[in-house]
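*Asks:* Need a 3D model of the following:
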Amino acid sequence: MLLSLVGCGGGATTGDDGLRLGDLSAVWANGIVTLRINDAGEFLVHPADAAEQALMGGFVARDDRRFIFVSRVEGECPGDAGAYRAEMNGDQLTLTMEEDS
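*Replies:* Below you'll find the predicted structure:
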């Protein structure tokens with residue numbers, strides 16, 4: 001699964017090896033969903049046109065080569081984790097799933 005999102009900011013293309021968790025701290029949208037990641041590593045996903053309707057939330061962490069998104073303990077998928085490779089090209093973030101239940 002590939003998810004491309006556009007946010008604010010900019011810069012050169014940066015592959016997963018050079019990205020830090022703080023680089024993802026922004027509001028990213030692709031017209032279908034919006035992904036919000038704050039400086040504390042908390043994330044929230046909601047429909048692009050309904051910020052008050054959370055689809056998923058939790059926290060994101062970085063291991064040695066990818067980003068791990070872990071859902072909150074409440075909701076349909078409590079504590080599920082998914083691993084994604086990330087690439088930034090200017091103001092576009094691309095997340096490519098490596099493993100996710």
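
*Asks:* Could you report the distance from residue 97 to residue 90?
*Replies:* Distance of residue 97 to residue 90, computed by Cβ to Cβ, to the nearest Å: 22 Å. C-beta coordinates here come from the backbone N, C-alpha and C atoms, glycine included.

*Asks:* how far does the host helix or strand of residue 83 sit from the chain's center?
*Replies:* Assigned by DSSP states H and E, residue 83 belongs to strand 81-89. Strand 81-89 has its C-alpha centroid displaced from the chain centroid by 7 Å (Cα atoms, centre = their mean, to the nearest Å).

*Asks:* distance of the most centrally placed residue in the chain from residue 27?
*Replies:* For the chain, residue 35 is the residue whose C-alpha lies nearest the centre (Cα atoms, centre = their mean; 5.9 Å). Going from residue 35 to residue 27 by Cβ to Cβ gives 8 Å.
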